[in-house]
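> Need a 3D model of the sequence below.
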Amino acid sequence: MKIKLYDKVKLKNGKIASIVEILGDDEAYIADIDIGGDYDTETVYPEQIDKIIT
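Numbers count the residues shown, from 1 in each chain. Predicted coordinates:
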């Protein structure tokens, strides 16, 4: 799965996140995770991502 900047992804925990920065060679991502109308910015690793939504 090739994730690009600003892709919206579904995490394996069911949350939706927007990728705002790609770290290294797709080793990790900085993502804004939707937490019910607000956002929490966290580091997300490829194994935490279920699928790309857009």
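> what about stretch 31-39, distance to the chain center?
Here the centre of stretch 31-39 is set off from its chain's centre by 11 Å, with Cα atoms, centre = their mean, to the nearest Å.
> which residues are in contact with that stretch?
9, 11, 15-20, 40-44 (Cβ atoms under 8 Å, 6 or more residues apart in numbering). From N, CA and C alone the C-beta is placed, and that goes for glycine too.
> Output it in PDB with nothing but the alpha carbons.
Only the C-alpha atoms of stretch 31-39 are listed here, as PDB (Å, rounded to 0.1, in the frame of the first residue of the first chain):
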ATOM      1  CA  ALA A  31      -1.300  12.000  11.100                       C
ATOM      2  CA  ASP A  32      -4.200  14.100  12.400                       C
ATOM      3  CA  ILE A  33      -6.600  11.500  13.900                       C
ATOM      4  CA  ASP A  34     -10.300  12.400  14.200                       C
ATOM      5  CA  ILE A  35     -11.400  12.100  17.800                       C
ATOM      6  CA  GLY A  36     -15.000  13.100  17.500                       C
ATOM      7  CA  GLY A  37     -15.000  16.600  16.000                       C
ATOM      8  CA  ASP A  38     -11.400  17.400  17.200                       C
ATOM      9  CA  TYR A  39      -8.000  16.200  16.000                       C
END
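> Going by neighbour count, which residues in stretch 13-21 are buried?
15, 17, 18, 19 (16 or more other Cβ atoms under 10 Å).
> Which ones among these lie within helices?
Using DSSP state H, the subset of the buried residues of stretch 13-21 located in helices is empty.
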